[in-house]
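*Asks:* can you look at this prediction? I've put the sequence above it.
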Protein chains: 2
Amino acid sequence: MHRFKTLQTYFNEALEKEQFGGTPAALYNPIAYTMQLGGKRLRPVLCLASCELFGGTLSDALNAAIGLELFHNFTLLHDDIMDEAPIRRGEASVYKKWNSNVAILSGDTMFAKAYEYIGKTSPQKLPDIHRVFTQTAIEVCEGQQYDMDFENRIQVSKDEYINMIRLKTAALLGGSLQIGGIIGDASDEDLEHIYKFGEYLGIAFQLKDDLLDAYADQAKFGKQTGNDIVTNKKTFLLISALKIADETAKSRLLELYSSSAKTDNGSKVKEVLAIFEKWNIKTMTEKAIMDYQQKAITELEAIKMSESRKGTLLAITDYLNKREM
Amino acid sequence: MHRFKTLQTYFNEALEKEQFGGTPAALYNPIAYTMQLGGKRLRPVLCLASCELFGGTLSDALNAAIGLELFHNFTLLHDDIMDEAPIRRGEASVYKKWNSNVAILSGDTMFAKAYEYIGKTSPQKLPDIHRVFTQTAIEVCEGQQYDMDFENRIQVSKDEYINMIRLKTAALLGGSLQIGGIIGDASDEDLEHIYKFGEYLGIAFQLKDDLLDAYADQAKFGKQTGNDIVTNKKTFLLISALKIADETAKSRLLELYSSSAKTDNGSKVKEVLAIFEKWNIKTMTEKAIMDYQQKAITELEAIKMSESRKGTLLAITDYLNKREM
């Protein structure tokens, strides 16, 4: 079994050999640019690790892994237009470096290229892989839509929020693991477990992101903390606070979150964090993360495979949720 | 063998039974709206007709046909954003009726849904269908990019123009026919011929569009004629004129086509048409259309199948290129 770092290196080396350039250059240059921006390569690594867990060979899962990374990056290209996000992985986003039209069309091409790589997997397994990949792609779109819908709503329930991040983030982790499992010849029952493992892991991962955005050490986090608060983002923290705080705190939160200021005047983040502190929102969120992480581990334990083979996926679970505050 | 109209009706009735709505409504309403706007349903009908030509059953090709129509409509959603086109099939385009973000994300979902329908074809044939469909999708994106590139270039050669419309328009007609052929168990040789038939047909079809835009009877054409001239679009007519006209006419054309006016002052279209008239551009374009149509028919003739079975596709060829002036 290869470790996370080894799989990352294996994937990055393989990716470097792929040519994402081509003609017309205006279409392919943004794709090559995006694919070399790096990132954790989490989805392809999960696919590779899952394939190996069930006894498959890494090289058999490589094309699917590249397809998954292309798909993930395609969603980032389009999300950055919709969210008007100028920065991606510390560099200009495609929409900002070129323009929206470029980001739309290069993104569409990346989506098609993702399917091209998916299509290079074994013909016998393609129908199943195609089905999982497509279902996942649809769910990611649904999640992004719910996320945008929530921006215009005053109240969002915890269930609605969890469902949104399940679709937007967790489905692709589950899908990546399940596709790796299909390639590694996992049983139907184990394919269910590995999917659920990824789904719970993804939810924990997103909740941790919510927490880091509010509480991380800015130097270690690598971006401005408190940004979700400034931009009125409905995170797990806010939704939890609106659910349990008293009427006074709730009204004040709603008032603070109705400000359309794009930068903090210095007091909004501080005041929101004080309300979170009073109502133990940080602890509550940490507990929710631990709960989802435990659910993920339970699914992994249910897989009929020697525990020694599960080390890589357990370590990834640990790594993702021990990201520094 | 069913005729074009019968296949259209068959497809439209089947399409009506499909549910393109869903939740979140903001994502799925634009898809349902787009799919009921109608249109010729040319691509699915070609897929169905090709399947039948080779002895396949219509119902076997239905899901792929729906996938092809979904894909085509997805490209229209995104093209309308890029081209800032407010009207589609006589109604508000999605980008105009809602907004760009809606058109981006609903479009992405339609692309994924297209693959969902493609995935419902027989598992044995899916790898081939998946490959053709994906290759086609990539080519359509490349064609759209060349089309946009050409807007910012002064001179475009005939070969470059034909290659652009081959990618943007003709590849999907060829791909639709080839997918129908795969489902109908056509031989590899016949799959080549049916693809080339569609490719040549598509080029003729697009050249006819260029001609109609300049010369159609406005009442029958259903939209403003001369629009390509007003918007400085590099059509086959302009490219031909720039190639054969003398220096005086060429300079005048380049001057006229550098105007950034969005509406005609009444004289630009008239003057351009007079230059086209002098250099026999209409006749030259009509000849090119006939040439491509003949190439298409030659490919159809090469298919080893009784001539009586080819009636539907011959009639479609005739119909597309006899659209009224």
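*Replies:* Yep, that arrived.
*Asks:* in the top helix by length along chain A, which residues are buried?
*Replies:* Assignment by DSSP state H gives helix A:188-215 as the longest helix of chain A. Of the residues in helix A:188-215, A:190-215 count as buried by neighbour count, 16 or more other C-beta atoms under 10 Å in any protein chain shown. In short, each C-beta sits where N, CA and C put it, glycine included.
*Asks:* chain center to that helix, what's the gap?
*Replies:* 9 Å (C-alpha atoms, centre = their mean, to the nearest Å).
*Asks:* that one: what's the following helix or strand?
*Replies:* helix A:218-221 (DSSP states H and E).
*Asks:* close to chain B: what parts of the stretch 101-250 of chain A are there?
*Replies:* A:101, A:104-105, A:107-109, A:111-113, A:115-116, A:118-119, A:123, A:126-127, A:130-131, A:134-135, A:137-138, A:141-142, A:144-146, A:148-149 (C-beta under 8 Å from any C-beta of the partner chain).
*Asks:* now those residues: which count as buried?
*Replies:* Buried members of these, scored by 16+ other C-beta under 10 Å, are A:101, A:104-105, A:107-109, A:111-113, A:115-116, A:118-119, A:126-127, A:130-131, A:134-135, A:137-138, A:141-142, A:144-146, A:148-149.
*Asks:* and for residue A:306, the neighbour number?
*Replies:* For residue A:306, the neighbour count with other C-beta atoms under 10 Å in any protein chain shown is 7.
*Asks:* how close does it sit to residue A:322?
*Replies:* 25 Å (C-beta to C-beta, to the nearest Å).
*Asks:* which residues sit against stretch A:277-289?
*Replies:* Stretch A:277-289 has contacts (C-beta atoms under 8 Å, 6 or more residues apart in numbering or on different chains) with A:204, A:207-208, A:210-211, A:214-215, A:236-237, A:240-241, A:244-245, A:249, A:275-276, A:321.
*Asks:* so which residues of the stretch 201-325 of chain A form strands?
*Replies:* Counting by DSSP state E, counting those that start in this stretch, the stretch 201-325 of chain A has no strands at all.
*Asks:* in it, where is pLDDT below threshold?
*Replies:* For the stretch 201-325 of chain A, the stretches with pLDDT under 70 are A:222, A:324-325.
*Asks:* in chain A, which residue is closest to the centre?
*Replies:* When C-alpha atoms, centre = their mean is applied to chain A, the residue found nearest the centroid is residue A:169 (4.0 Å).
*Asks:* surely that one is in a helix?
*Replies:* Yes: Residue A:169: assigned to a helix according to DSSP: H, G, I helix; E, B strand; the rest coil.
*Asks:* these two touch, right, it and residue A:207?
*Replies:* No: assessed by C-beta atoms under 8 Å, residue A:169 is found out of contact with residue A:207, at 10.0 Å.
*Asks:* just checking, what packs against the longest helix of chain A?
*Replies:* Applying 3 or more C-beta pairs under 8 Å, 6 or more residues apart in numbering or on different chains; DSSP states H and E, we find helix A:188-215 packed against helix A:42-53, helix A:158-165, helix A:171-183, helix A:227-230, helix A:236-244, helix A:281-301, helix A:311-321.
*Asks:* quick one: which of those helices is nearest residue A:84?
*Replies:* helix A:227-230 (13.6 Å; C-beta to C-beta).
*Asks:* so which elements touch that closest one?
*Replies:* So helix A:227-230, by 3+ C-beta pairs under 8 Å, 6+ apart, packs with helix A:188-215, helix A:268-278.
*Asks:* circling back: got the angle between the longest helix of chain A and helix A:281-301?
*Replies:* 160 degrees (axes from the mean of the first three to the mean of the last three C-alpha atoms, to 10 degrees).
*Asks:* which element is residue A:69 on?
*Replies:* Using DSSP H and E, the element containing residue A:69 is helix A:58-82.
*Asks:* ok so, going back, looking at the residues of the stretch 101-250 of chain A next to chain B, which are in helices?
*Replies:* A:101, A:104-105, A:107-109, A:111-113, A:115-116, A:118, A:126-127, A:130-131, A:134-135, A:137-138, A:141-142, A:144-146, A:148-149.
*Asks:* could you check the pLDDT of the residue nearest to the centre of chain A?
*Replies:* pLDDT, residue A:169: 97.
*Asks:* so what's it up against?
*Replies:* Applying C-beta under 8 Å, 6+ apart, the residues contacting residue A:169 are A:143, A:202, A:203, A:205, A:206.
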